[in-house]
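Enquirer: sequence and predicted model, in that order:
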There are 2 protein chains.
Amino acid sequence: MTTLSDVARRAGVSTMTVSRVINESGYTSRETRARVNDAIAATGYMPNGLARQLRSRRTKTIALVVTDIRNPFFTTIASGVEDTARARGYAVMLCNTYESEVEEAEYVRVLIERRVDGVLLVPACGASKSVRLLQEHGMPTIVLDRHLRGVEADEVRADSQAGAYSAVHHLTDLGHRRIAVLTGPEGVSTSTDRVAGYREALREACPNGECEQILSGEFNEASGYSMTREVLGSERRPTAIFAANNFIAFGATRALREAGLRIPEDMSMVVFDDLPPGWVMDPFLTVVSQPAYEIGTQAAELLLKRLAGEAPEGPRSIVLPSELVIRRSTAPPRPGLAPASQTNRATLSDQMETRS
Amino acid sequence: MTTLSDVARRAGVSTMTVSRVINESGYTSRETRARVNDAIAATGYMPNGLARQLRSRRTKTIALVVTDIRNPFFTTIASGVEDTARARGYAVMLCNTYESEVEEAEYVRVLIERRVDGVLLVPACGASKSVRLLQEHGMPTIVLDRHLRGVEADEVRADSQAGAYSAVHHLTDLGHRRIAVLTGPEGVSTSTDRVAGYREALREACPNGECEQILSGEFNEASGYSMTREVLGSERRPTAIFAANNFIAFGATRALREAGLRIPEDMSMVVFDDLPPGWVMDPFLTVVSQPAYEIGTQAAELLLKRLAGEAPEGPRSIVLPSELVIRRSTAPPRPGLAPASQTNRATLSDQMETRS
DNA sequence: CTGTTAGCGCTTTCAT
DNA sequence: ATGAAAGCGCTAACAG
């Protein structure tokens, strides 16, 4: 492996001069630069980033820690982060915790040891230990997607409560009263905020709260399935379901299909989270759409500003609006009032595909 | 930031002893170990990985470079890689090139500079430059998913040609003769191998090759859409489509829907690539399923063996079998022979959802 | 404009 | 079982 001094010797200059040429810092004469560049080209020299980072105390790397890399919501965030970071010369280390605090702790340890310049973190299970550890080690950290109570940290996320409110308000507007919400883990803000928005909207239509039907589980298909089974078996079956994320909706749809219930004739459905455009043909589900890409870009920008010392002092909290997109999975509660059903199930169709 | 010597001073030992305790290498007395561990706990010391790696010349990190992180096929590979690597104490750096050679080259540069221990690479556009560069720099590299002609390197992938053969054979078996294949970029082996399998199967039913209809594009939805439009507008419209990956199939489905054509009554469809279980309710598409997770685990295992010097000498080529999964998007070519259509479009439905 | 010196934080090597 | 010396490859700081 060729090193700086190999190049320096070959170019007949000091290592410092080579360093300056490589980093385009300080003054170097045209001619020297040319000689150095020739030597670099001739040897195929590539700087040792480890040495460089150790010395300069900057890794030019940020980390993005997400809870589920299989989720388009997070991969979309990731592309926002990446586009922003790379444009400014930063590499992104993508870490995946599968919503496990253990994995998260392990990754955080690795990130601290590697001395990444900063971290964007979606806290697994809404736990705050990792954020505290990062902060103790002086690592600029931004919390993504979720809010952590009792933690002073920058955060960037979408407005779950307002989004949920608009979703459920849409249902009550259509005449629904008996609406079940299927949500995620109890400690996670995206889960509880969506329930809060649900209650807020439902209380307006149903002041004494007797309409509420709240089920907590996990943000995955299996949980959506079992919560829906439970709801369908309950005494007063709801006329509409609000699924707090897409995987839950997915399980719910399966359970409904198995029960022979049609959407929206027999059951309306609103979902938190849309799919990226292009993954969906003729979208069918009425959804609350989060600006995932912008969450990524804004978070990365804020972090890079912090690293450059350009950010305002106290912790910033950026809450982006979510948007209700009304499509065809919602209808008034009475079967008689439902629109023609022909195409509805067909269009539920409109889901995703992959490539190799 | 506390360092080794801070800990050493505090424990009243030399830095070397602390190093031994941390790495559990060499001999240390019980008592010393206890004192050192106390000092570590008291200071919250975390080793500087950069210094460590610089000195020891091992980063305990491997990189996985994929062409599309949004694709479940690749995220599944990624989880196989991660599970294997982490079990052996390696971190995985996940890099995404979006099928761009420029991005790939940039990442490869970063990886070499960071001195990662090894690289698993899905070569963008089937280009071999990056692999060569990595090899020149002595970096153990394994090519994933695709075969590179003229490159001596370990490779792990699924059998595209045999998979495509079985898919198209299934169509000819059903009586189809006029079958169009919609494939990806011409330089990519997964693309060309699937066409080769297509031809192989089609020639058996249609020896003089007049049935062939081959379209090349990209592995994405937009390309699948436009290729399908082209096919539908052609003189002899096919009775079946073989989509060389899922995104292509997705675009194809949209084009068919817009044209008012039903699957499989008006057009049969076979697709290369399945979706991960749980993302699909009541799966509808007949697919060739690749063992994505195993590609990941086997590749990671092979790489780790190379790093440990345990692997056999020459380049290894691991080709895993693909499996035809017959579902309901294929039927005999005549409309009259098609099965009841009621549920078919509904079940195309069964696609994916996301979570936040 | 270029070079010298020192040292980032750790581990390898050798000594005791 | 522990320590001292050296140096991984680079750049900050200063000198000239």
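Expert: Perfect, I can see it now.
Enquirer: within the helices and strands, which one has the residue nearest to the spatial centre of chain A?
Expert: What sits nearest the mean C-alpha location of chain A, by CA atoms, centre = their mean, is residue A:74, with 3.7 Å. Assigned by DSSP states H and E, residue A:74 falls within helix A:72-87.
Enquirer: likewise residue A:7?
Expert: Secondary structure here is read from DSSP H and E; on that basis residue A:7 sits in helix A:4-11.
Enquirer: residue A:58 reaches residue A:116, doesn't it?
Expert: No - if you go by CB atoms under 8 Å, residue A:58 and residue A:116 don't touch, sitting 10.0 Å apart. Using the backbone N, CA and C atoms, a C-beta is placed for each residue, glycine as well.
Enquirer: so which of the two has more stuff around it?
Expert: Using other CB atoms under 10 Å in any protein chain shown as the criterion, residue A:58 and residue A:116 rank with residue A:116 on top: 23 against 12.
Enquirer: name the residues that touch the helix holding residue A:7?
Expert: Under the criterion CB atoms under 8 Å, 6 or more residues apart in numbering or on different chains, residues A:14-15, A:17-19, A:32, A:35-36, A:38-40, A:42-43, A:45, A:47 lie in contact with helix A:4-11.
Enquirer: using CSV, write down the CA coordinates of that helix.
Expert: Extracted in CSV, the C-alpha atoms of helix A:4-11 (Å, rounded to 0.1, in the frame of the first residue of the first chain):
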residue,chain,number,x,y,z
LEU,A,4,2.0,9.8,1.6
SER,A,5,5.7,9.5,1.9
ASP,A,6,6.0,7.2,-1.0
VAL,A,7,4.3,9.8,-3.1
ALA,A,8,6.4,12.6,-1.5
ARG,A,9,9.7,10.8,-2.2
ARG,A,10,8.7,10.1,-5.8
ALA,A,11,7.7,13.7,-6.4
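Enquirer: that helix near DNA strand C anywhere?
Expert: No - taking CB under 7 Å from any atom of the strand as the criterion, helix A:4-11 and DNA strand C are apart, separated by no less than 7.5 Å.
Enquirer: in that helix, what's buried?
Expert: A:4, A:6-8, A:10-11 (16 or more other CB atoms under 10 Å in any protein chain shown).
Enquirer: ok, so of those, who is nearest DNA strand C?
Expert: Checking the buried residues of helix A:4-11 against DNA strand C by CB to the nearest atom of the strand gives residue A:8 as the nearest, at 7.5 Å.
Enquirer: so which of the buried residues of helix A:4-11 reach DNA strand D?
Expert: Counting by CB under 7 Å from any atom of the strand, the members of these near DNA strand D are residue A:4.
Enquirer: in a markdown table, list the buried residues of helix A:4-11 along with pLDDT.
Expert: Written out in a markdown table, the entries for these read as follows (pLDDT from 0 to 100):
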| residue | pLDDT |
| --- | --- |
| A:4 | 95 |
| A:6 | 94 |
| A:7 | 95 |
| A:8 | 95 |
| A:10 | 94 |
| A:11 | 94 |
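Enquirer: leaving out the residues flanking it, which one is nearest to the residue nearest to the centre of chain A?
Expert: Closest residue in space to residue A:74, ignoring its immediate chain neighbours: residue A:66 at 4.3 Å, by CB to CB, 6 or more residues apart in numbering or on different chains.
Enquirer: interface residues of chain A facing DNA strand C?
Expert: A:12-17, A:20, A:26-29, A:31-33, A:51, A:54-55.
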